[in-house]
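> no FASTA, just this:
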């Protein structure tokens, strides 16, 4: 059988696949630090040469920042666009790493073998699972089963400033029947998953200014307005007693999840008490009547991420501060409009200001949520293919985080995305001692081979 031959090739080639991954991981492609510009360029070159080694017509494309890598292979059936990113997070604090973060090593742990180093899970190891699946397929059959475009970015960890302009300029070339994104993980470290919901994000920093300078509280306390008190009142008013956000119009565009998806989520057996116990908590604190998975995956939120104002040092400096600051973020779902919510939030804050205070706003970006249409038969084909590889049946899940590229593929390329990854919650991405399970790498590669076969027949 053709698929069995590919899977056997993946199994036998695992040591060489890991060696190639190690070579890729040794390149310190830290996109956010200008000191590593040459290394980001080197990582792009490495990918171009690796894709060419399996017959992919690949090239490095310049941008105002770090280059994109684009590769094409023609074939029958549907056109797939595979996305990953080759840049990695900084390694600070370096003293918390047990070994050199750019000298990847295979380690034995109580849970099995892992490969440890920066970028192992986010996203070089994940990216290479797909490339290795294509390598094995090409070795067995001499060609790939369908038309594939490879699209690798070098600025994901630094805000993707070049991504939208590049997508707009190259939309005709990159548009595909379905996009595959490998930057997510397994559910609960054991259940394979296709992420079909990603929350959007709105971030605002507000500054309340009252008196023209900090004031002595003995001389002015009670008589003068205190911006911290004003800010505290505003923050307290953002939620009602049931945990719902009170910004007018906030829930416009928020839908209930379908019954079949709710049943699938219930079947996952998520233990919210254990989830909270891990971080020293015991009670759900969001919207009343909602499950934990609903709150994390399918409901919008408003959170205060930081507050500042007045004296913060040791001891007391009894002042009324001139200014008070807060950083507030909104996670968005469904078709919520970030701009409309931002305007409503600002109007709400302004309406709560006393006469002697003024407010300034500093928005730090906004992006809508992404909701993938699982009515496309390709989603169920991929879910069944994943289920064939792993002991537990694959599930369609949501994500509490944001992966903006999926939304950009929808809005700019008119292409739905499947988010399929094999990372685990304990991979320590963005932290010292990042790792990727060898099982995740191996079975992830086998999973992509199964998915390629399934989608090529759709």
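That came in fine, so what should we check first? Keep in mind that what you see is a predicted model, and the values were worked out from it rather than measured.

> the stretch 201-350 of the chain: helices as residue ranges?
Applying DSSP state H, counting those that start in this stretch to the stretch 201-350 of the chain gives helices spanning 217-220, 227-236, 259-267, 272-277, 292-297, 338-351.

> and the chain, what are its domains?
With domains defined by automatic domain parsing, the chain comprises 2-198+369-456, 201-254+300-367.

> figure out how far the last one is from the centre of its chain.
Domain 201-254+300-367 has its C-alpha centroid displaced from the chain centroid by 27 Å (C-alpha atoms, centre = their mean, to the nearest Å).

> now do the end-to-end distance for it.
Counting by C-alpha to C-alpha, to the nearest Å, you get 5 Å between the two ends of domain 201-254+300-367.

> now the end-to-end length of stretch 111-119.
One end of stretch 111-119 sits 20 Å from the other (C-alpha to C-alpha).

> now the helices of the stretch 201-350 of the chain as a markdown table including mean pLDDT, mean neighbour count and distance to residue 389?
Glycine gets a C-beta too; all of them are placed from N, C-alpha and C. A markdown table is the format used below for those (pLDDT from 0 to 100; neighbours: other C-beta atoms under 10 Å; distance: least, C-beta to C-beta, whole Å):
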| stretch | mean pLDDT | mean neighbour count | distance to residue 389 |
| --- | --- | --- | --- |
| helix 217-220 | 96 | 12 | 65 |
| helix 227-236 | 98 | 18 | 47 |
| helix 259-267 | 89 | 13 | 19 |
| helix 272-277 | 94 | 13 | 26 |
| helix 292-297 | 95 | 19 | 24 |
| helix 338-351 | 98 | 16 | 37 |
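
> out of those, which gets nearest to residue 107?
helix 272-277 (26.6 Å; C-beta to C-beta).

> so, low pLDDT: which residues of this structure?
Across the chain, the ranges flagged by pLDDT under 70 are 1.

> against the centre of it, work out the most remote residue.
residue 219 (50.5 Å; C-alpha atoms, centre = their mean).

> against residue 319, how distant is it?
10 Å (C-beta to C-beta, to the nearest Å).

> tell me the secondary structure at residue 393.
coil (DSSP: H, G, I helix; E, B strand; the rest coil).

> number of nearby residues for the nearest residue to it once chain neighbours are set aside?
Spatially, and ignoring its direct neighbours in sequence, residue 393 is nearest to residue 387 (4.6 Å; C-beta to C-beta, 6 or more residues apart in numbering). If you count neighbours by other C-beta atoms under 10 Å, residue 387 ends up with 17.

> ok, residue 387 - contacts?
Contacts for residue 387 (C-beta atoms under 8 Å, 6 or more residues apart in numbering) come out as 192, 393-394.

> part of a helix, is it?
Yes - the assignment for residue 387 is a helix, going by three-state DSSP.

> and it, how close does it get to residue 395?
9 Å.

> who touches both of those two?
Counting by C-beta under 8 Å, 6+ apart, the contacts common to residue 387 and residue 395 are residue 192.

> for residue 191, see how far away the residue nearest to residue 393 is.
From residue 387 over to residue 191 the distance is 10 Å, taken as C-beta to C-beta.

> what do these two both touch?
Residues touching both residue 387 and residue 191 (C-beta under 8 Å, 6+ apart): 393-394.

> I'd like the distance between the spatially most central residue of the chain and residue 246.
The chain has residue 403 as the residue nearest its centroid, 4.0 Å off, counting by C-alpha atoms, centre = their mean. For residue 403, the distance to residue 246 (C-beta to C-beta) stands at 28 Å.

> same question for residue 77.
Distance of residue 77 to residue 246, given as C-beta to C-beta: 50 Å.

> the more surrounded of the two?
Legend: neighbour count by other C-beta under 10 Å for residue 77 and residue 246, higher for residue 77 (15 against 11).

> for residue 145, give me its contacts.
Residue 145 makes contact with 75-77, 137, 452-453, 456, according to C-beta under 8 Å, 6+ apart.

> is it possible to mark the buried ones in these?
Buried members of these, scored by 16 or more other C-beta atoms under 10 Å, are 137, 452-453, 456.

> ok, of those, which one's closest to residue 85?
Residue 85 lies nearest to residue 452 out of the buried ones among the contacts of residue 145, by C-beta to C-beta, at 20.8 Å.

> what's the helix or strand for that closest one?
Element membership of residue 452, judged by DSSP states H and E, is helix 438-456.
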